[in-house]
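1. structure for the following, please:
(2 chains)
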Amino acid sequence: MQWETVIGLEIHAQLATKSKIFSGASTAFGAEPNTQACVVDLGLPGVLPVLNGEAVTMAVRFGTAIEAEIGRRSVFARKNYFYPDLPKGYQISQFESPIVGRGHVEILLEDGSAKLIGVTRAHLEEDAGKSLHEDFHGQTGIDLNRAGTPLLEIVSEPDMRSAKEAVAYARRIHQIVRYLGICDGNMQEGSFRCDANVSVRPMGQKAFGTRAELKNINSFRFLERAINFEVERQIDLIESGGKVVLETRLYDPNRDETRSMRSKEEANDYRYFPDPDLLPVELDEDFIAAITAGLPEMPDAKRHRFMKDYGLSAADAEALTAGRALADYYETVAKTSGDVRLAANWVMVELGAALNREGLDILDCPVKAESFGGLVARIKDDTISGKIAKQVFEAMWAGEGDADAIIEARGLRQITDSGAIEAAVDEVLATNPQQVENYRAADEAKRPKMLGFFVGQVMKRSQGKANPQQVNELLMAKLGG
Amino acid sequence: MSLERQEVEKITHLARIAVGEAEMDALARSLSGILDFVEQMSAVDTQGVEPMAHPLHMAQRLRPDQVTEQDQRERFQSIAPEAEAGLYLVPKVIE
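-> Residues are numbered from 1 along each chain as shown, chains lettered A, B, ... in the order given. Prediction:
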């Protein structure tokens, strides 16, 4: 039977505020346990939560960026459950009236076409603490530093049909929150977490199959692997006469499998009700309009503009708009060099490879965009060939100065003087009579390959500085091609 | 409205309150009584009435995003049943 996969994602993005959502304790990562957990975070008697305005602003920034409805009046609710890292016995979240309503984002599929993925809602809530299960004489250690950290939970529609689409969507949300500067996106530190609801159904069937919720996924690679494992598990189960049960499953990256989280599954019963400690949040039109006006150019808009203004392919535009800093870098290079295509190739290939090799972010790139643009400009105006440019780039990377200075200092200027090139060509032909004879006797089809020998010799003689196109043309003419 | 014994057991479990066998029936009757009392509200026509999220007709005040709390771990942990290496210790929660 043909099966169709249906995936929806719940993404928790930790908002990059300085203080917690309902208290003035710090949210800095990596502090000593419980040194950033105050009376409110500990849920001591008599305390009251007070909402952090910046968390509200950040949520609205996200909402406007995905063209979602913004809740003019949103309500905080208590989600009740018992767990030791949740001191109050409830999590303050939003239920019936979230701050961000229905919106959408666009993802690029592998064939280059675009697909819209619906965002059902996004709501504000507080994070829980962390439980450490090892090394405490059979007890569990609780660190409440994370308790009360603001989260934006972004819930998608079940619009994705493969693990690849789910990853593309998760990456897009990741890109958006980073563009907006509302989340650092660090998956290892847990600032950006994905839960995936996965089900399968016979191709063509309307009704959804029973889903499993996958948790504990802390990289995009694991997201893809966890979903693929789960899809196969469900299909095998159904085809061998079993039934998928509604449950939470943990992904184990070491064994590359998902495992049921609870031996005895209890239906969740969170008994949501409006939190009497918090009043409804009311947002007026001016507030929302100011946030909309202050939005940066978002990835979709930037990608489309790069395609239209610079004539880039969808894939190239996608790569160059992955982050705001990279996109800015590219635009500076394009402008300085005066060649948008050449700039795109050099930023993606040479610069990209160098950054990868050194494990550097574009912000820490030792070669500034203006300098890199200067290098690309010298390729464009034929001062140097692409091959020589790689040498110059290495020198620039090592801090030897700008392209022009390096080209001068090392005497790398391309030889375009046809007299000089002709002399070199003549020399090569004179010293290799046998090869010349072979070439002239060879089939038309074999000649291009044989020509490479002569080109190589001429380039060697000119220390790589002869204009390759001129060398080719001259050789062809002289060899009687 | 009368609660089944099973429902009462579920409620006590959700609230993590241990209720003795002897108290079960009395508790079921009391809870049913409360529900009956509240049930009278259904007689009111609420068509067109917006659900109330809070009895005060005010909007939430927002706080500036500033760190105002100092570390008081020592004091908090002095009243905790057990703490070690800066962590609060609780009975083991996973098998």
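2. which SSE is residue A:250 in?
-> strand A:247-252 (DSSP states H and E).
3. relative to residue A:176, how far out is the nearest residue to residue A:112 once chain neighbours are set aside?
-> In this structure, residue A:112 finds its nearest non-sequential neighbour in residue A:314, 5.1 Å apart by CB to CB, 6 or more residues apart in numbering or on different chains. The way it works is simple: take the backbone N, C-alpha and C, and place the C-beta from them, glycine included. As defined by CB to CB, to the nearest Å, residue A:314 lies at a distance of 18 Å from residue A:176.
4. circling back to that earlier point, put the alpha carbons of the strand holding residue A:250 into CSV.
-> The C-alpha coordinates for strand A:247-252 follow below in CSV (Å, rounded to 0.1, in the frame of the first residue of the first chain):
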residue,chain,number,x,y,z
GLU,A,247,1.6,8.7,22.8
THR,A,248,4.8,10.7,23.4
ARG,A,249,8.0,9.2,22.1
LEU,A,250,11.5,10.2,22.8
TYR,A,251,14.1,10.2,20.1
ASP,A,252,17.4,8.6,21.0
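5. on that earlier part again, Provide a list of residues in contact with the residue nearest to residue A:112.
-> For residue A:314, the contact set (CB atoms under 8 Å, 6 or more residues apart in numbering or on different chains) comprises A:108, A:112, A:114, A:303, A:307.
6. what are the ranges of the helices in the stretch 251-400 of chain A?
-> According to DSSP state H, counting those that start in this stretch, the stretch 251-400 of chain A carries its helices in the segments A:285-293, A:299-310, A:314-320, A:324-337, A:340-346, A:352-358, A:369-380, A:386-397.
7. in chain B, which residue is closest to the centre?
-> residue B:15 (7.2 Å; CA atoms, centre = their mean).
8. let me know the pLDDT of that one.
-> We have a pLDDT of 87 for residue B:15.
9. next one: residue A:383
-> For residue A:383, the predicted pLDDT is 87.
10. and for the one 3 residues further on?
-> At residue A:386, the predicted lDDT confidence score is 87.
11. check contacts around it.
-> residue A:379.
12. go on, residue A:165?
-> By CB under 8 Å, 6+ apart, the residues touching residue A:165 are A:7, A:107, A:109, A:115, A:117.
13. buried only: go through these for me.
-> A:7, A:107, A:117 (16 or more other CB atoms under 10 Å in any protein chain shown).
14. so the first one is in which element?
-> Same thing as residue A:7. strand A:3-14.
15. tell me the helices and strands packed up against that strand.
-> strand A:150-156, helix A:163-180, strand A:192-202, helix A:220-239 (3 or more CB pairs under 8 Å, 6 or more residues apart in numbering or on different chains; DSSP states H and E).
16. just the buried positions in the last one, please.
-> Within helix A:220-239, the residues that qualify as buried by neighbour count (16+ other CB under 10 Å) are A:220, A:222-231, A:233-235, A:238.
17. how big is the angle separating that helix from strand A:192-202?
-> 30 degrees (axes from the mean of the first three to the mean of the last three CA atoms, to 10 degrees).
18. the second one too?
-> Angle between the axes of helix A:163-180 and strand A:192-202 is 150 degrees (criterion: the same axes, to 10 degrees).
19. what residues of helix A:163-180 count as buried?
-> A:163, A:165-180.
20. may I have the phi/psi pair for the residue of chain B most remote from its centre?
-> The outermost residue of chain B, judged against the average C-alpha position, is residue B:85 (30.6 Å), by CA atoms, centre = their mean. Note on residue B:85: its backbone torsions stand at phi 50, psi 40 [degrees, to the nearest 10].
21. next, work out how far apart it and residue A:136 are.
-> 8 Å.
22. ok, and the closest non-adjacent residue to residue A:412?
-> That would be residue A:388: by CB to CB, 6+ apart, it lies 5.2 Å from residue A:412.
23. was I right to think the one you found contacts residue A:465?
-> Yes - when contacts are counted by CB atoms under 8 Å, residue A:388 is listed as touching residue A:465 (6.7 Å).
24. overlap in contacts, the two.
-> With CB under 8 Å, 6+ apart as the test, residue A:388 and residue A:465 both reach A:412, A:414.
25. hang on, residue A:9 packs against residue A:159?
-> No - Residue A:9 lies out of contact with residue A:159 (CB under 8 Å); the separation is 9.6 Å.
26. higher neighbour count, the two?
-> residue A:9 (27 against 20; other CB atoms under 10 Å in any protein chain shown).
27. quick one: pLDDT of that one?
-> pLDDT, residue A:9: 98.
28. swap in residue A:267?
-> On the pLDDT scale, residue A:267 gets 59.
29. after the lengthiest helix in chain B, which helix or strand is next?
-> Determined from DSSP state H, the single longest helix within chain B is helix B:24-39. Next along the chain after helix B:24-39, taking DSSP H and E as the criterion, comes helix B:73-78.
30. so where's chain A shaky on pLDDT?
-> Low-confidence segments of chain A, defined by pLDDT under 70: A:262-267, A:481.
31. can you give the domain ranges for it?
-> Split into domains by automatic domain parsing, chain A comes to A:3-290, A:297-410, A:418-480.
32. of all those, which lies closest to residue B:40?
-> domain A:3-290 (19.9 Å; CB to CB).
33. the host helix or strand of residue A:460 to helix A:386-397, inter-axis angle?
-> Using DSSP H and E, the element containing residue A:460 is helix A:447-461. Regarding helix A:447-461 and helix A:386-397, their directions subtend 40 degrees when assessed with the same axes, to 10 degrees.
34. and helix A:447-461, how far out from the chain middle?
-> Its chain's C-alpha centre and that of helix A:447-461 lie 43 Å apart, by CA atoms, centre = their mean, to the nearest Å.
35. so which residue of the stretch 301-450 of chain A comes closest to chain B?
-> residue A:324 (22.1 Å; CB to the nearest CB).
36. longest strand in chain B, by residue count?
-> strand B:87-91 (DSSP state E).
37. residue of the stretch 101-250 of chain A nearest chain B, please.
-> For the stretch 101-250 of chain A, CB to the nearest CB, closest residue to chain B: residue A:141, 3.4 Å.
38. by contact count, what packs against the strand or helix carrying that residue?
-> Per DSSP H and E: residue A:141 is located in strand A:139-143. Counting contacts by 3+ CB pairs under 8 Å, 6+ apart, strand A:139-143 is packed against strand A:130-132, strand B:87-91.
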